[in-house]
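Peer 1: this is a predicted model, with the sequence first.
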Amino acid sequence: MQDRIKALLQLEPSDEMVRAEGWVRTKRDSKNVSFVEINDGSCLKGLQAVIDRSRFDSSLLDRITTGASIVAEGRIVPSQGGNQKTELSVDNLTVIGDCPQDYPLQKKRHTVEFLREKAYLRPRTNLFGAVTRVRNTMSYAVHSFFQENGFIYVNTPLISASDCEGAGEQFQVTTLDLGNVPMTEDDKVDYSKDFFGKMANLTVSGQLEGETYATAMKNIYTFGPTFRAENSNTTRHLAEFWMIEPEMAFCTLEGDMEWAEKFLKYIFSAVLEKNAEDMEFFSKFVLEGVEDTLRHVIESPFAHMTYTDAIKALEPENDRFEFPVKWGVEIQTEHEKFLTEHVAGCPVIVTDYPKDIKAFYMKLNDDGKTVRAMDVLAPRLGEIIGGSEREYRYDVLVNRMHELGLNPADYWWYLDLRKYGTVPHAGFGLGFERAVQYVTGVANIRDVIPYPRYAKSCEY
């Protein structure tokens, strides 16, 4: 029988032969017996293998070091120690991959900064193994939620000629010889000589393309990598990250908010159900009470308030904030936390933001000053989801583009959607890494993605 360590740990003692494959976490020798902890990443706890030293050549046993990969066959028996219920009594032993003494992950606690330098090995640690398992559960839950609710999965392009956010913080894609860039007569880069015949960039969002499919398939979602060339050296920013972006036709802001709340509660519930051991680890070693926060989000009806009401609640507290608020300014993370933790005491959805601080595609309200936008704010984190009802009125959308200095000709296909069977539609975006950060309590976003990409760092 060959199985994952997680399954082997659930077996009752028997005479059936089992096979454990994995990497050595620890090894402890006594005169007659060696105790080896084997872990294969399937769970936090390893399987203790008990090796009778008299049955194996000493040269083989010497090769069993921390980090080595081994295969151990034997029987599950009652454990003589107090730290585990059962253990593996080893009959056959093979060292697959030796590991020298300079293996970086010895039996001690390592800082996350050190482990970032060893990103190719850090999944073998308790912290990053747990993060990886939770990330896996959340990924599966994302697809499960949308598939169970009739959404269609759409793969939007990673290379785009459009800037969804209009901020210009994009990575350019080119095959031009940077040592001999072709120029036009007016001394500009001649992109007609480039691969696509025009300027192209890595996408900052799949939303615009997602809207085209929502206006044909009704409810769709995207889940893929996106890229922002923001030189932001913070615990919340990455240059490459994953985004979840559903888009719903025949849907208004009210429906958008309902879907966002149901979605968050679904994926959080999945983690608590399937990763109990990992969540216990996070609460004990990473952030005390992180499980309780998730349960609070799951069990609480989300509060609703407009941006104007939020500002009214925040203004009397300006003395406590680093960034004082007034109507028309961006709400910062400190304000978002205050709204959830002190004003509402639960997750909050803030709506109807000033148009001047939001993107061109958000539907303009009748007051001409605000748009049908919404942000979901979570206790401890702040904004976790951003979304809006989309502007589906052709003339209004063109005017908004002109106001923001965008060229409508660059978005001709997007505008055509407003000409051919236009319909109210809405959607939202969830930065997947921020969600994983929130669930695990891990402080830095660079530690919840396998290989973090940020300014001046593109290793591996």
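Peer 2: Looks like it arrived, so ask away.

Peer 1: make sure residue 385 is indeed in a strand.
Peer 2: Yes - per DSSP: H, G, I helix; E, B strand; the rest coil, residue 385 lies within a strand segment.

Peer 1: which residues does the closest residue in space to it that isn't next to it in sequence contact?
Peer 2: Nearest non-adjacent residue to residue 385, counting by C-beta to C-beta, 6 or more residues apart in numbering: residue 376, 3.8 Å away. To be clear about C-beta, it is placed using only N, CA and C from the backbone, and glycine gets the same treatment. Neighbour list for residue 376: 257, 260-261, 264, 302, 347-349, 383-387, 428 [criterion: C-beta atoms under 8 Å, 6 or more residues apart in numbering].

Peer 1: could you identify the buried members of these?
Peer 2: Buried members of the contacts of residue 376, counted by 16 or more other C-beta atoms under 10 Å: 257, 260-261, 264, 302, 347-349, 383-387, 428.

Peer 1: what would the residues you listed look like in a markdown table with pLDDT and distance to residue 43?
Peer 2: Shown next, in a markdown table, are those (pLDDT from 0 to 100; distance: C-beta to C-beta, whole Å):
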| residue | pLDDT | distance to residue 43 |
| --- | --- | --- |
| 257 | 98 | 37 |
| 260 | 98 | 32 |
| 261 | 98 | 31 |
| 264 | 98 | 26 |
| 302 | 97 | 33 |
| 347 | 96 | 31 |
| 348 | 97 | 36 |
| 349 | 98 | 36 |
| 383 | 94 | 33 |
| 384 | 95 | 28 |
| 385 | 97 | 30 |
| 386 | 97 | 35 |
| 387 | 98 | 36 |
| 428 | 98 | 33 |
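
Peer 1: show the pLDDT at residue 256.
Peer 2: At residue 256, the model reports a pLDDT of 98.

Peer 1: wait, isn't it in contact with residue 385?
Peer 2: No - applying C-beta atoms under 8 Å, one finds residue 256 not in contact with residue 385, separated by 9.6 Å.

Peer 1: now do the shared contacts for the two.
Peer 2: With contacts taken as C-beta under 8 Å, 6+ apart, residue 256 and residue 385 have residue 428 as neighbours in common.

Peer 1: quick one on the thing from earlier: tell me which of the contacts of residue 376 is nearest to residue 366?
Peer 2: residue 257 (19.0 Å; C-beta to C-beta).

Peer 1: hmm, that closest one is touching residue 349, no?
Peer 2: Yes - with contact defined as C-beta under 8 Å, residue 257 and residue 349 form a contacting pair (5.3 Å).

Peer 1: shared neighbours, those two?
Peer 2: With C-beta under 8 Å, 6+ apart as the test, residue 257 and residue 349 both reach 302, 304, 374, 376.

Peer 1: right, and the second one touches residue 254 too?
Peer 2: No - applying C-beta under 8 Å as the test, residue 304 and residue 254 come out as separate, 9.7 Å apart.

Peer 1: any common contacting residues for those two?
Peer 2: Here residue 304 and residue 254 have no joint contacts, going by C-beta under 8 Å, 6+ apart.

Peer 1: what separation do you get for residue 24 and residue 36?
Peer 2: As judged by C-beta to C-beta, to the nearest Å, residue 24 and residue 36 stand 6 Å apart.

Peer 1: comparing the two, which residue is more hemmed in?
Peer 2: Shown here are residue 24 and residue 36; by other C-beta atoms under 10 Å, residue 36 has more neighbours (28 against 23).

Peer 1: got the contact list for that one?
Peer 2: Residue 36 touches 24, 26, 27, 28, 48, 49, 51, 64, 70, 72, counting by C-beta under 8 Å, 6+ apart.

Peer 1: what do you get for residue 218?
Peer 2: Residue 218 makes contacts with 248, 249, 250, as judged by C-beta under 8 Å, 6+ apart.

Peer 1: which SS class is residue 26?
Peer 2: Applying three-state DSSP: residue 26 is strand.

Peer 1: the stretch 251-400 of the chain: strands as residue ranges?
Peer 2: 303-306, 348-354, 370-378, 382-389 (DSSP state E, counting those that start in this stretch).

Peer 1: as TSV, those with distance to residue 18 would be great.
Peer 2: Converted to TSV, the strands of the stretch 251-400 of the chain look like this (distance: least, C-beta to C-beta, whole Å):
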stretch	distance to residue 18
strand 303-306	52
strand 348-354	50
strand 370-378	43
strand 382-389	43
